[in-house]
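A.B. asks: Got a sequence here, can you model it:
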Amino acid sequence: MTAFDYVVLAIVAFSVLIGIARGFVREILALAGWIAAFCVARSFAVPFAPLMPADIVSVSLRFFASFVVLFVLTLLACKLIAILVVKLVNDKEGLGLADRGFGAAFGIARGGLIVMTGVIISGLTALPRFPVWRNAMLSAPLEVAAASIKPWLPADLAKRIRYD
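C.D. replies: Below you'll find the predicted structure:
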């Protein structure tokens with residue numbers, strides 16, 4: 001095993017530990033909060049921009065400021081809702097263990113997604129040609145998985161990903 005293998009295993013293990021510690025409900029609500037915050041900010045940044053302080057002269061900066069404000073406020077609102085829902089789930093007898101178990105499964109999936117993103121990005125660089133990658137036990141199966149994902153990527157990006 002090389003440093004590549006240890007990094008991959010550490011990423012997945014850390015993600016699993018976070019999933020266990022936080023639980024499935026909190027993980028899903030956090031993910032939903034980020035998605036909701038992005039959607040709200042994207043949808044309402046333009047109409048909200050004129051409400052930004054007049055000190056922000058640039059239209060682009062005013063739009064950016066409104067996007068950030070809406071994103072943060074939505075994320076905070078979702079966090080408050082998540083706290084209430086998690087408290088309700090944890091108060092129910094027997095759901096805590098299941099919540100942690102599903103949180104671990106979510107952690108495995110998230111860790112795998114992080115690793116695959118890293119492998120795909122690495123395919124755009126010279127990293128796959130280094131011995132630390134070539135001699136790794138996990139590099140070959142991850143390259144096969146990345147190859148199966150390439151058809152879903154934009155064509156210009158997919159053609160630049162190489163592992164040879």
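A.B. asks: what number of residues lie near Leu88?
C.D. replies: Under the neighbour criterion other CB atoms under 10 Å, Leu88 is assigned a count of 11. (Glycine included, C-beta is placed from N, CA and C.)
A.B. asks: Please identify the helix or strand for it.
C.D. replies: helix 59-91 (DSSP states H and E).
A.B. asks: which secondary structure elements does that helix contact?
C.D. replies: Packing contacts for helix 59-91, counted by 3 or more CB pairs under 8 Å, 6 or more residues apart in numbering; DSSP states H and E, involve helix 24-48, helix 95-122.
A.B. asks: Now do the shortest one: which elements does it pack against?
C.D. replies: This points to helix 24-48. Using 3+ CB pairs under 8 Å, 6+ apart as the contact definition, the elements that helix 24-48 packs against are helix 59-91, helix 95-122.
A.B. asks: For the closest residue to Ile18 other than its chain neighbours, give me its contacts.
C.D. replies: Spatially, and ignoring its direct neighbours in sequence, Ile18 is nearest to Gly107 (5.9 Å; CB to CB, 6 or more residues apart in numbering). The contact partners of Gly107, taken as CB atoms under 8 Å, 6 or more residues apart in numbering, are Val12, Ser15, Val16, Leu17, Ile18, Gly19, Ile20, Glu27.
A.B. asks: For these, could you give me a markdown table that also reports pLDDT and neighbour count?
C.D. replies: Supplementary listing: the contacts of Gly107 in a markdown table, determined by pLDDT from 0 to 100; neighbours: other CB atoms under 10 Å:
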| residue | pLDDT | neighbour count |
| --- | --- | --- |
| Val12 | 98 | 18 |
| Ser15 | 96 | 22 |
| Val16 | 97 | 19 |
| Leu17 | 97 | 14 |
| Ile18 | 95 | 17 |
| Gly19 | 94 | 24 |
| Ile20 | 94 | 18 |
| Glu27 | 89 | 24 |
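A.B. asks: Have a look at the protein and report the helix or strand with the lowest mean pLDDT.
C.D. replies: Lowest on mean pLDDT, DSSP states H and E among the helices and strands of the chain sits helix 155-158, with a mean of 87.
A.B. asks: Pull the residues that contact that helix.
C.D. replies: With CB under 8 Å, 6+ apart as the contact definition, helix 155-158 has outside contacts at Leu124, Lys150, Pro151.
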